[in-house]
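# Here is the input, now give the coordinates:
(2 chains)
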Protein chains: 2
Amino acid sequence: MQSMFKKRDNIKEVEEGKYLAPKFDKNGLIPVITADFQAGNILMHGYMNDEALKKTIESKEAHYWSRSRNKVWHKGEISGFVQKVIEIKIDDDQDAIWLSVDIGKGASCHVGYRSCFYRSIPLGKIENDQELEMKFKEEKKIFDPEKVYKDQSNPTKL
Amino acid sequence: MQSMFKKRDNIKEVEEGKYLAPKFDKNGLIPVITADFQAGNILMHGYMNDEALKKTIESKEAHYWSRSRNKVWHKGEISGFVQKVIEIKIDDDQDAIWLSVDIGKGASCHVGYRSCFYRSIPLGKIENDQELEMKFKEEKKIFDPEKVYKDQSNPTKL
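A predicted model of the protein is given here:
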């Protein structure tokens, strides 16, 4: 499976070379940032293994590694909210991926919002280590997760 | 240090509550996506521990955990390219952070480019698992890393 990736045997090549040589961590995963190709805002943060990366490149639809279900996951297979891949970029040391996707008017968050990043953390001095109260930035859900996911288990872990 | 964070004892609260309750992994880290607050494009992918997150919230300048140097790292302390934090968001299960920052006309990549994501992966069928040749999307470096970092060790690991 990994023969399509160049061996990482030279830092200069990894950083300034033109061949894809991703670094998978000791669990075989690489972090993935998924952003809306038009608005630019970030939709989700996930992970891929080598198989998910290859499937994403070939099918032009986002595939991830689900850490809660322990398998490759074709995003949208249950909800219908498939992510069409417009561009894939990789960072300097090739240990993180940026996916630009088209989700139309859909959602990417299992809670029902368009983006998983729907809460904003207050900035400034923290008094007496008090709990930090966030602001909701997306107030309207795009779908009702109870109807869409029915008896699927929730991927959020404590 | 962690008393400012709410305890993660309820999935509904983590997902839909208003209190910050970040999930640090078994190394005490949470992944961070850093994006340009105006253009929206992604600049880098890093990690924070609880101390770096607290320092970022309070100082409104990005602090990360450097996995290569094993310490909290005030971004820009060597290069001068400090990241002014405009907004911090957290995702549904509170295990990833999105930092919107202002870096002016500066750079965020130790290789010298504005964004660490300067290469694009080709999409489509992969023939015979051949190596994948990427396209450079940023051709001009903003600074010369050899002049700026001098005898600092390169954070890229094979």
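
# Nearest spatial neighbour of residue A:88, chain-adjacent residues omitted?
With sequence-adjacent residues excluded and distances taken as Cβ to Cβ, 6 or more residues apart in numbering or on different chains, residue A:88 is closest to residue B:121, at 4.2 Å. All C-beta atoms are positioned from the backbone trio N, CA, C, and that covers glycine.

# Pull the contacting residues for that neighbour.
Taking Cβ atoms under 8 Å, 6 or more residues apart in numbering or on different chains as the criterion, residue B:121 is in contact with A:20, A:57, A:88, A:89, A:90, B:132, B:134.

# The residue in chain A positioned nearest to chain B sits in which helix or strand?
Nearest residue of chain A to chain B, counting by Cβ to the nearest Cβ: residue A:40, 2.5 Å away. If you go by DSSP states H and E, residue A:40 is not part of any helix or strand.

# Now the closest residue to it other than its chain neighbours: phi and psi?
Using Cβ to Cβ, 6+ apart and skipping the chain neighbours, the partner closest in space to residue A:40 is residue B:40 (2.5 Å). As for residue B:40, its main-chain torsions (degrees, to the nearest 10) stand at phi 80, psi -10.

# Report pLDDT for residue A:148.
pLDDT for residue A:148: 87.

# For it, give me its contacts.
Counted by Cβ under 8 Å, 6+ apart, residue A:148 has contacts A:78, A:79.

# a helix runs through it, doesn't it?
Yes - membership of residue A:148 in a helix is supported by DSSP: H, G, I helix; E, B strand; the rest coil.

# And it, how close does it get to residue A:24?
Per Cβ to Cβ, to the nearest Å, residue A:148 is found 31 Å from residue A:24.

# which stretches of chain A aren't confidently modelled?
A:1-2 (pLDDT under 70).

# Residue A:100 touches residue A:32, doesn't it?
No - judged on Cβ atoms under 8 Å, residue A:100 makes no contact with residue A:32 at a distance of 11.5 Å.

# how about the helices in chain A?
A:11-16, A:50-59, A:145-149 (DSSP state H).

# The residue nearest to residue A:40 - how many residues pack around it?
15 (other Cβ atoms under 10 Å in any protein chain shown).

# again, but for residue A:10
Around residue A:10 there are 13 other residues, counting by other Cβ under 10 Å.

# residues contacting it?
Going by Cβ under 8 Å, 6+ apart, the list of residues near residue A:10 reads A:17, B:158.

# re earlier: give the contact list for the residue of chain A closest to chain B.
Per Cβ under 8 Å, 6+ apart, neighbours of residue A:40: B:35, B:39, B:40, B:41.

# All the strands of chain A, residue numbers only.
Per DSSP state E, chain A carries strands over the ranges A:30-36, A:42-48, A:63-66, A:71-74, A:84-90, A:97-102, A:119-121, A:135-136.
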